[in-house]
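Asks: with the sequence up front, the predicted model follows.
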Amino acid sequence: MKKVLFRAVAAILCAVLVIVSAGCSLGTDIDNLLRPPRLSGEYLEIQNALETWINSKLKDDKLGNSGGYVLKYPRSGDLRYRSSVMLEDIDGDGVNEAIVLYQYGSKNSNVRLHLLKNINGKWQSAGDVEGVAPDIESIQFADLFGNGTRLMLTGWAGSDAQSKMLLVYSLIESEFENVFDSMYTEWVVDDFTGCGHDNLLLLSVNIARNTALARLWGKSSSENSLFEMGVAELDGYIGSFTSIKVEPAINPNSTTVNNSYSPRANKYAAVYADAIKQSGGMITELIYWDGVRLVAPLYDSKKKANEITLRQQHVPSMDIDKNGRIDWPVYTTVLQENAANEGSQTMDRTDWMVWNYDNMEVEVNFSCILNYADYYYLRIGDSIPENAVGQYSPVSHTLHVYVGSEKILEIRAVHKSAETSPISAPGDSSNVMQELKSTDTIRYEAWFTDNPAFGLTAEQLNYIFLPIVPVSG
């Protein structure tokens, strides 16, 4: 009986600890006994200052939120700002302020943002503002007014992933003042117009109406306000965005720019937004300021869709060849003589496309056989002809490359986290493999034909085989 009682008590205590660690509130009695995890160093001083302020100002507030508090963390956004405590020079005086995200009392209460200043080496509370939701989606800082001060952009969870609320705060005399708000799905901050300071680009999706828009905001002539500089329609059948990248502006006259693509250089920073359509395919929207208006040239206004970048493979756009330009993949099916082995996947030719900013056309940058499962590609050219096709075995992580019925190349990826065999161990082939290249997480091995018609050598293979860094998002 004692053992049963002991197990029951232990189970209850474990349940309490699990709920507490998840940041949930258990009611007034428990809250008064528990404290959020203690920070360390300077962050502990900031936390202590916050607690002093809470005890003096909010302990008996009229909202009925008696109890403790929990630190809150943004659910997404810039990795630099995914903490509950952030240090940032908001007012431009050369000294960092501290912003703490916390929730006071009930788990259903809104997240609050607390401002602290370091005065004579001691952190002191300077301001506090209540957000609009129990969870904060993301936070970022930007100089949208061009005066050297940093505005605080806060994204708040909405009723769904497409309907979130953006609130932009300015620090005026140590008080947070809301200077802009808008519904959004994603936002991006950069100098998109060559103005010398940040602009704000909002992407919005309305699934019910099958519409999507990009809206660019910049500093207005009046003080402390933004105005809408331009609007561009996007594919109306977007379900969600998966990754957003900014391609920086490139001066075509710069001596550091590769002449092979300088005639196609963009004069203003451009956004490449990968999105999953409601039907399941992936597209890439290109959005940029052309000096007069905001444009999305890959969108077809007649079809109200972006078909030119549509692919069923969820491979994102990226600067795959590290030349400063963002490419997106297009897949071409190659007729093959050999039948695919059971359990293998066919890997056809992948053309990486770029946008020519001068003639406003899509161009092929280069072609390859892409293995995104193991993060590498093989450039198609002299040694790998255009009619080459790959068969990939996901079990052994081995790619077999054929030209017609002749196998010319095998590449096996050995993921170091699962590495148990020597380099010469066969995968699904009897060919002896030799080491090719390695990254921090994967070692690559290869076998290649000695048929002189293809000119494959170890040196040539090292040239055409290139590992890639996966795109998060």
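Replies: Good, I have the coordinates.
Asks: the helices in this structure, which residues?
Replies: Ranges of helices in the chain, per DSSP state H, are 2-21, 28-31, 41-57, 458-464.
Asks: the third one - contacts with which helices or strands?
Replies: Translated: helix 41-57. Contact here means 3 or more C-beta pairs under 8 Å, 6 or more residues apart in numbering; DSSP states H and E; on that basis helix 41-57 packs against strand 69-71, strand 85-88, strand 97-104, strand 112-119, strand 122-130. Where you see a C-beta, it was placed from the backbone N, CA and C, and this is true even at glycine.
Asks: looking at the helices of the chain, which one has the lowest mean pLDDT?
Replies: Across the helices of the chain, helix 28-31 has the smallest mean pLDDT, namely a mean of 33.
Asks: name the stretch among the helices and strands packed on helix 41-57 that sits most buried.
Replies: strand 97-104 (a mean of 24; mean count of other C-beta atoms under 10 Å).
Asks: tell me how this protein divides into domains.
Replies: 185-314, 320-473 (automatic domain parsing).
Asks: now the ones you listed as a markdown table including mean neighbour count?
Replies: Formatted as a markdown table, the domains of the chain follow (neighbours: other C-beta atoms under 10 Å):
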| stretch | mean neighbour count |
| --- | --- |
| domain 185-314 | 18 |
| domain 320-473 | 16 |
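Asks: make JSON lines out of those and add distance to V85.
Replies: Shown next, in JSON lines, are these (distance: least, C-beta to C-beta, whole Å):
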{"stretch": "domain 185-314", "distance to V85": "21"}
{"stretch": "domain 320-473", "distance to V85": "24"}
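Asks: would you single out the least confident of the ones you listed?
Replies: For these, mean pLDDT drops lowest on domain 320-473, to a mean of 86.
Asks: specify the beta-bridge partners of L171.
Replies: Per DSSP bridges, the residues bridged to L171 are F176.
Asks: contact partners for it?
Replies: L171 makes contact with I90, D91, E97, L115, G127, T149, M152, E177, according to C-beta atoms under 8 Å, 6 or more residues apart in numbering.
Asks: what is the nearest of those to P394?
Replies: Comparing those against P394 with C-beta to C-beta places M152 closest, at 45.2 Å.
Asks: burial of the closest one, as a residue count?
Replies: The local packing of M152 (other C-beta atoms under 10 Å) involves 24 other residues.
Asks: distance-wise, check it relative to S138.
Replies: 11 Å (C-beta to C-beta, to the nearest Å).
Asks: between the helices and strands packed on helix 41-57, which one is closest to G196.
Replies: Closest approach to G196 among those (C-beta to C-beta): strand 85-88, 20.3 Å.
Asks: can you list the strands that the closest one pairs with?
Replies: Within its sheet, and counting by DSSP bridges, strand 85-88 is paired with strand 97-104 (antiparallel).
Asks: I figured V168 hits W156, correct?
Replies: No. Using C-beta atoms under 8 Å, V168 is not in contact with W156; the gap is 11.8 Å.
Asks: and E406, how close does it get to D382?
Replies: Counting by C-beta to C-beta - E406 and D382 are separated by 16 Å.
Asks: and for Q140?
Replies: For Q140, the distance to D382 equals 46 Å [C-beta to C-beta].
Asks: that older thread, out of the contacts of L171, which comes closest to S393?
Replies: Of all the contacts of L171, S393 sits closest to M152, with 50.3 Å by C-beta to C-beta.
Asks: which non-adjacent residue is nearest that closest one?
Replies: Nearest in space to M152, with sequence neighbours left out and distances taken as C-beta to C-beta, 6 or more residues apart in numbering, is Y169 at 4.5 Å.
Asks: neighbours of that neighbour, how many?
Replies: Y169 - counted by other C-beta under 10 Å - has 22 other residues nearby.
Asks: what pLDDT does it get?
Replies: Looking at Y169, its pLDDT reads 95.
Asks: which ones are touching it?
Replies: L113, V129, L151, M152, T154, F176, E177, N178, V179.
Asks: for the residues you listed, which one is nearest A269?
Replies: If you rank these by distance to A269 using C-beta to C-beta, L151 comes first, at 18.6 Å.
Asks: pretty sure the closest one is touching F141, no?
Replies: Yes. Counting by C-beta under 8 Å, F141 is a contact partner of L151 at 6.9 Å.
Asks: mind listing what P134 touches?
Replies: Residues near P134 by C-beta under 8 Å, 6+ apart: Q103, K107, N108, S109, N110, V111, A157.
Asks: from T449, how far out is it?
Replies: Going from P134 to T449 by C-beta to C-beta gives 61 Å.
Asks: got it, and I139?
Replies: Distance of I139 to T449, given as C-beta to C-beta: 55 Å.
Asks: now N224
Replies: 68 Å.
Asks: same check, this time on G148
Replies: Distance, G148 to T449, by C-beta to C-beta: 62 Å.
Asks: what's the answer for P329, then?
Replies: Going from P329 to T449 by C-beta to C-beta gives 27 Å.
Asks: quick one: T242 and M282 touch, right?
Replies: Yes. Counting by C-beta under 8 Å, M282 is a contact partner of T242 at 7.4 Å.
Asks: shared neighbours, the two?
Replies: Overlap of the contact sets of T242 and M282 (by C-beta under 8 Å, 6+ apart) consists of D274, A275, I276, H314, P316.
Asks: confidence score at the last one?
Replies: In the predicted model, P316 carries a pLDDT score of 96.
Asks: tell me if I'm right that it and Y372 touch.
Replies: No. The criterion here is C-beta under 8 Å, and P316 misses it with Y372 at 9.1 Å.
Asks: where does the stretch 51-200 of the chain have low pLDDT?
Replies: 58-67 (pLDDT under 70).
Asks: ok, E177 touching L167?
Replies: No. Contact criterion C-beta under 8 Å: E177 and L167 do not qualify, at 10.8 Å.
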